[in-house]
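J.: compute the structure for the input listed below.
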Amino acid sequence: GISVNQKPPVVKAQDFSKLSYKIQKSKAAASSKGKAKPAKEYKFKAAIAEHDLQRKVSNVIKYLGKGHTCKIIVMANGFTRRKNQNALVETVDKVKEMVGENGSLGSALKMNEDQSYATMILLPKNS
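T.: Below you'll find the predicted structure:
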């Protein structure tokens, strides 16, 4: 590097490969700090059995405990919607209730127009 503001100007002789290695390492360190953890997606059917729901929610809680974000997707087919119009909302409410204090709601519940698909984001409790 050159210090132009010094009197007389000072020049430091460096090995170019060593300098480029330092720059590469500092860029890698800066970029690794800014990376977000990937969101884990969990898909539920609206007519899911209670035991299956408990098993999946326990996996969600485990993943939230590691500090990751979880995306919950609940799907209802036509038969389920005809049988119980609130099945989608009921399943989402069960998931929220079971997760409880282990996670916080990151985004509001989003549904499509015909209420066959709903998504929500759960964040770890420390964020």
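
J.: can you pull out the helices in this protein?
T.: Ranges of helices within the chain are 16-33, 50-65, 78-83, 87-99, based on DSSP state H.

J.: just say which of those is most tucked in.
T.: Highest mean neighbour count among the helices of the chain (mean count of other Cβ atoms under 10 Å): helix 87-99, with a mean of 18. The way it works is simple: take the backbone N, C-alpha and C, and place the C-beta from them, glycine included.

J.: just want the angle from that helix to helix 50-65.
T.: Angle, helix 87-99 to helix 50-65, by axes from the mean of the first three to the mean of the last three Cα atoms, to 10 degrees: 50 degrees.

J.: save the helices of the chain as CSV, and put in distance to Lys40 and mean pLDDT too.
T.: Shown next, in CSV, are the helices of the chain (distance: least, Cβ to Cβ, whole Å; pLDDT from 0 to 100):
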stretch, distance to Lys40, mean pLDDT
helix 16-33, 20, 85
helix 50-65, 5, 91
helix 78-83, 24, 73
helix 87-99, 13, 85
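
J.: among those helices, which is nearest Ile72?
T.: With Cβ to Cβ, the closest approach to Ile72 among the helices of the chain belongs to helix 87-99: 5.8 Å.

J.: so what does that closest one touch, helix or strand wise?
T.: Helices and strands touching helix 87-99, by 3 or more Cβ pairs under 8 Å, 6 or more residues apart in numbering; DSSP states H and E, are strand 40-45, helix 50-65, strand 70-75, helix 78-83, strand 103-111, strand 117-124.

J.: re the thing from before, to Leu123, which of the helices of the chain lies closest?
T.: Proximity to Leu123 (Cβ to Cβ) singles out helix 50-65 among these, at 7.8 Å.

J.: tell me what angle the closest one forms with strand 117-124.
T.: 40 degrees.

J.: contact partners of helix 50-65?
T.: Under the contact criterion Cβ atoms under 8 Å, 6 or more residues apart in numbering, helix 50-65 has outside partners 40, 42, 44, 48, 70, 72, 91, 94-95, 98-99, 102-103, 122-125.

J.: run the chain-centre distance for that helix.
T.: With Cα atoms, centre = their mean, to the nearest Å as the basis, helix 50-65 stands 16 Å off its chain's centre.
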